[in-house]
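Undergrad: sequence plus predicted model, see below.
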Amino acid sequence: MADGRMKALAQDLEDEEDMEAEEEEAESDEPDLSLWVGEWQREPPERPHVSVICVRDWDETEEPAETSRESQHKRARVFDSGESSQYAGTPSSNFQFSSDTEMDYMIGFCDDIVERQDEAGEGGIDTNSQDLTGEKVAQAENPNVGNAEQPLPELRMDLTDDLLYLIFSFLGQKDLCRAGAACKQWHMASSHEDFWRSLKFDNIPISLENFVSLCNRYQNVKELNLSGVPRADVLFMEAARYLSRLETLTLGKGHLSDAFFQDLSELPALMNLSICDSALGGGINEATIQHDRLRNLHIVKCRSHRIAVRCPQLLKLSMKRSSMTHVTLHSPQLRELDLSSCHKLSDAAIRAAAVACPKLLSLDTSFCSCVTDETLREISQACTSLSSLDASNCPNISFESVKLSMLVDLKLHSCEGITSASMAAIAQSRLLEALQLDNCSLLTSVSLDLPHLRKISLVHLRRFVELNLRSPVLQYIKVSRCSALQRINIISNSLQKLVLQKQESLVNLSLQCYSLVDVDLSDCESLTNSICDVFSEGGGCPMLRSLVLDNCESLSLVEIRSCSLVNLSLAGCRTMTSLKLSCPSLKKVNLDGCDHLEVANFSPVGLESLNLGICPKLSIVHIEAPKMTSLELKGCGVLSKALIKCPCLVSLDASFCRQFVDESLSGTVVLCPLIEQLTLSSCLAIGDDGLYSLSCLGRLTLLDLSYTFLINLQPVFDSCSQLKVLKLSACKYLTDSSLDALYKLGALPSLLELDLSYSSIGQSAITELLASCTNLVNVNLNGCTNLHELVCFLPAAISLDDSCPSDSANVDADMVSWKSERLLEVLNCTGCPNIRKVVIPSGANCLHLSKINLNLSTNLKEVNLTCYNLCSLNLSNCTSLEILKLDCPRLTNLQLPACAMLAEDELEYAISHCSMLESLNIHSCNKVNLEDFERLHTACPSLKRIQSGSLGGT
């Protein structure tokens, strides 16, 4: 039976489509393509795809009795339409139709489907009628669907009304129309009044019939937007009888006739009316807007000769940028009136309009150039409750004789007539909270004592010289581009932030602001040393936390005492020679560009770190910082006297302090016993007394004495037994005997890193050092000119014979058994010009050695290494290298660029014992065939990358 119904339905659908195709051919020349509501005039060029859902009642004989609990809801059988609906993702009230053709079609299609479903009766769709069923649509789309051998694909859904409401709440109005065409249940769900309370047709043409049909169908609409819709007034007048509950109406970009305003009375619930960019009324006649319940009226950029507003309940009226010569107001309850940019309104017309509203609270006459003081005086007398006035860009007002006792907000931006005499009238507005006086070019001084003033703006006042403000609640002040301003006096209990940047002429600043936290006086070039008293104790800013005095070039002596100051910036104060800070809470100080600072006193401060290395002329420094952990004096070349009391100090860098003497060093280490890292590089004045004083530093682990004239290191060995890192780079006066205590007496047992680069240490001392100091992890011998050979980790008495390099790898392990396993990991011998041979035998027990750098050793001829954990070997630019023997099974990186004397056979033999080698660089190796990589791969199959001059790598 079901198959018969589906075949009949498919046949009916095909006949209907044939008839429609014939009608299209007959009416192809007709220009009207719209669809009337409930009638099919013509099929649109492209019919929107709609999923068709068959709804039918369940037969009690087909289903168990348990399904009867859902019998009040329709169970839908859905056939895939091949096109999914596109959801708007926002509430339906925000949707706007894309075109009038699509809008008209969806309305007509929805009505037609619903009418046919109604004909089928309440129980479902009659399969013998011309209604749309799933079988007919499926056969119309695919003729093979009717074949019994091909089962019909289906998806059974059970959607209750509540679930449908939830789903449809995410759809836009266009998708709601599509969903409503599916079945009667969906039509009822999509027609819920919650989805159609707002209709928006911004710039979307719609036919009169469809608009009236929509308004008739959804009479609970509360918001309607017809902005940009052609003949919007006609649409509205035809459908006004259905919009009895409309509360908000928006129109624009057209012409609104007198009949439109007359029909507004048919909307008893209307409260908000917005009209934009429209012509009102007919010709020279008066456009009258009359409504008993209207609350808000916006007429923006509209054109009319005369406008009359008779709305007894109107509270807010905006006629901004509208072009009219006269306006009549009969709105006794009006609270807000906006007449800004109404250039054609005369002074008398503005006066008459405002005076007619005795309860007016807010008035905007900005850009009305004809407004005078007389108009403002009459308004102040008629509107005694006026609290907000915007008279910006009104050049004819001086405000000298205007008294507005209830005024709270006053804007006089770009009023050329405002002078210092106007301040007397403004001062009588005792309730004033916000004042704007920007671009008042004749204003020279402001003196106000207002108990409620909270905000004031003074921008671009070219003749402004003096500012005196007194307000206990002042919270915001903006003073900018007042190039002549010299004196400022502010008294406030609420002001927290003050920004006075680029006030070049400011000389005197007096503040009594007990809540002030942040002050920025950047680029105030005329400020003198007396400004420091303002921000010190007793200066009137007891809560100050941040102070910026950048580029205040007149400051020479800065002395600040404050218990609350946390951040201080003096960057660019190039004339400052003395700085004294007594700020226990100070956490950060910026002294960039203070090139002439000679004396610095930080006592006490809460700093945790400080960098004074950018002050090259600093000679005396006194620091008392209980929380400081890091101090940099690097570059203070003339620093001769330093008193540093920082009990928590961990790192001190006094590099290049050439006049830093033993007395200063001794006093510092006594007061800073927790120092762990001490850098005294290029401190040429440090002697034995200063080094002996280091015994007070029980935690000292790093000592840098590079570039000094030290000869005797015994004070270091005696006082710093816990050292882990010792740097003696470029100590030209050290001799072999200077290091005797290290390898003969076992000094510095915890030493892990030793830097002897570019020193004068000789061959024998280096050999003994490497053989005896087994605890060393990192040794730096870069640039040691006295190093001739590195036959490692054997005492001088057991050195290998240079003439028998082949025997060097077979040294008896018993000869070095007197030493335990070595911890050496990194060995650097870069740029040693006289070294000729490097031999590390297996018996040296260098089980941790992982990296060796021998690059730029131009006279190196032989390298023989047996290091089982070596990973990286750099022999770059060893131009004399001829013998290379490697037994390094874990070597992964071998650098041999510019090894011009190394033969290819020698290289193959060397890498054949490096089973994990991955990267090989043989750039500019003249004796190696750079195009025959196969031999190298054969010798070392693990190779992944070979760098050469010709191919770059393979």
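TA: Happy to help now that I have it.

Undergrad: all strands in the stretch 501-650 of the chain, in order from the N-terminus.
TA: 508-513, 518-520, 546-548, 557-561, 567-569, 578-583, 588-590, 599-605, 609-611, 620-624, 630-632, 641-645 (DSSP state E, counting those that start in this stretch).

Undergrad: so how far is Asn834 from Leu264?
TA: According to Cβ to Cβ, to the nearest Å, Leu264 and Asn834 sit 106 Å apart. Where you see a C-beta, it was placed from the backbone N, CA and C, and this is true even at glycine.

Undergrad: who has more neighbours, the two?
TA: Leu264 (19 against 15; other Cβ atoms under 10 Å).

Undergrad: list the contacts of that one.
TA: Leu270, Leu273, Ile289, Gln290, His291, Leu294 (Cβ atoms under 8 Å, 6 or more residues apart in numbering).

Undergrad: try it again at 10 Å.
TA: Phe236, Met237, Ala240, Leu249, Leu270, Leu273, Ile289, Gln290, His291, Asp292, Leu294, Cys311 (Cβ atoms under 10 Å, 6 or more residues apart in numbering).

Undergrad: now swap in Ser912 and tell me
TA: Leu886, Leu936, Thr938, Ala939, Cys940, Pro941.

Undergrad: could you redo the last one with a cut-off of 6 Å?
TA: Ser912 makes contacts with Ala939, as judged by Cβ atoms under 6 Å, 6 or more residues apart in numbering.

Undergrad: what's the answer for Ser857, then?
TA: With the criterion set at Cβ under 6 Å, 6+ apart, Ser857 makes contact with Cys832, Ile835, Cys878.

Undergrad: of those residues - the most surrounded one?
TA: Result: Cys878 is most packed of the contacts of Ser857 (other Cβ under 10 Å), 28 neighbours.

Undergrad: neighbours around the closest residue to Ser318 other than its chain neighbours, how many?
TA: Take Ser318 and drop its neighbours on the chain: the residue closest to it by Cβ to Cβ, 6 or more residues apart in numbering is Asp338, 4.0 Å away. Number of residues near Asp338 (other Cβ under 10 Å) recorded here: 22.

Undergrad: correct me if wrong: Asp338 contacts Lys320.
TA: Yes: assessed by Cβ atoms under 6 Å, Asp338 is found in contact with Lys320 at 5.2 Å.

Undergrad: average pLDDT across stretch 196-205?
TA: For stretch 196-205, the mean per-residue pLDDT is 84.

Undergrad: can you pull the buried residues of it?
TA: Residues of stretch 196-205 classed as buried: Trp196, Arg197, Ser198, Leu199, Lys200, Phe201, Ile204 (neighbour count, 16 or more other Cβ atoms under 10 Å).

Undergrad: now do the end-to-end distance for it.
TA: By Cα to Cα, to the nearest Å, the extent of stretch 196-205 from end to end equals 19 Å.

Undergrad: cool, and stretch 251-265?
TA: Stretch 251-265 end-to-end distance (Cα to Cα) = 16 Å.

Undergrad: quick one: mean pLDDT for that stretch?
TA: Mean predicted confidence for stretch 251-265 is 88.

Undergrad: when you give positions from now on, start the count at 30
TA: Sure, I'll start counting at 30 from here, so that last one is stretch 280-294.

Undergrad: and it, which residues are buried?
TA: Those would be Leu280, Gly281, Lys282, Gly283, Leu285, Ser286, Phe289, Phe290, Asp292, Leu293, for stretch 280-294 by 16+ other Cβ under 10 Å.

Undergrad: quick check: the last one is in a strand.
TA: No: counting by DSSP: H, G, I helix; E, B strand; the rest coil, Leu293 is located in no strand; its state is helix.

Undergrad: just to revisit the earlier point, any chance of the contacts of Ser886 in a markdown table, plus pLDDT?
TA: Listed next are the contacts of Ser886 as a markdown table, based on pLDDT from 0 to 100:
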| residue | pLDDT |
| --- | --- |
| Cys861 | 93 |
| Ile864 | 93 |
| Cys907 | 93 |
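
Undergrad: ok, back up a step: so which of the buried residues of stretch 225-234 are in strands?
TA: Ser227, Leu228, Lys229 (DSSP state E).

Undergrad: can you get me a residue count around the residue lying closest to Arg270 once chain neighbours are set aside?
TA: Counting by Cβ to Cβ, 6+ apart, Glu295 is the residue found nearest to Arg270 once chain neighbours are left out, at 6.4 Å. Per other Cβ under 10 Å, the neighbour tally for Glu295 reads 15.

Undergrad: over to the one 3 residues further on?
TA: Applying other Cβ under 10 Å, we find 12 residues neighbouring Ala298.

Undergrad: Ser421 now?
TA: 19.

Undergrad: do Ala714 as well
TA: Ala714 has 18 nearby residues by other Cβ under 10 Å.

Undergrad: and the pLDDT for it?
TA: pLDDT, Ala714: 90.

Undergrad: could you do Asp562 as well?
TA: On the pLDDT scale, Asp562 gets 93.

Undergrad: kindly report the same for His320.
TA: For His320, pLDDT reads 92.

Undergrad: do I have it right that it meets Cys340?
TA: Yes: using Cβ under 6 Å, His320 makes contact with Cys340 at a distance of 5.2 Å.

Undergrad: of the two, who's got more company?
TA: Cys340 (24 against 21).

Undergrad: skipping its backbone neighbours, what lies nearest the more buried one in space?
TA: Nearest one to Cys340, counting by Cβ to Cβ, 6+ apart, is Leu323 at 4.5 Å.

Undergrad: burial of the one you found, as a residue count?
TA: With other Cβ under 10 Å as criterion, Leu323 counts 25.

Undergrad: any idea how far it is from Lys609?
TA: Leu323 is 70 Å from Lys609, by Cβ to Cβ.

Undergrad: how about Ser583?
TA: Counting by Cβ to Cβ, the gap from Ser583 to Lys609 is 18 Å.

Undergrad: try Leu538
TA: 20 Å.

Undergrad: between those two, which one's more packed in?
TA: The residue with more neighbours, out of Leu538 and Lys609, is Leu538; 21 against 16, by other Cβ under 10 Å.

Undergrad: just the pLDDT for that one.
TA: For Leu538, the predicted pLDDT is 93.

Undergrad: just Thr413 next, same as before
TA: For Thr413, pLDDT reads 91.

Undergrad: residues contacting it?
TA: Thr413 neighbours (Cβ under 6 Å, 6+ apart): none.

Undergrad: swap the cut-off to 10 Å and go again
TA: Pro387, Lys388, Leu389, Leu433, Ser434, Met435.

Undergrad: just confirm the fifth one is within a strand.
TA: No: looking at Ser434 with three-state DSSP, it is coil, so not inside a strand.
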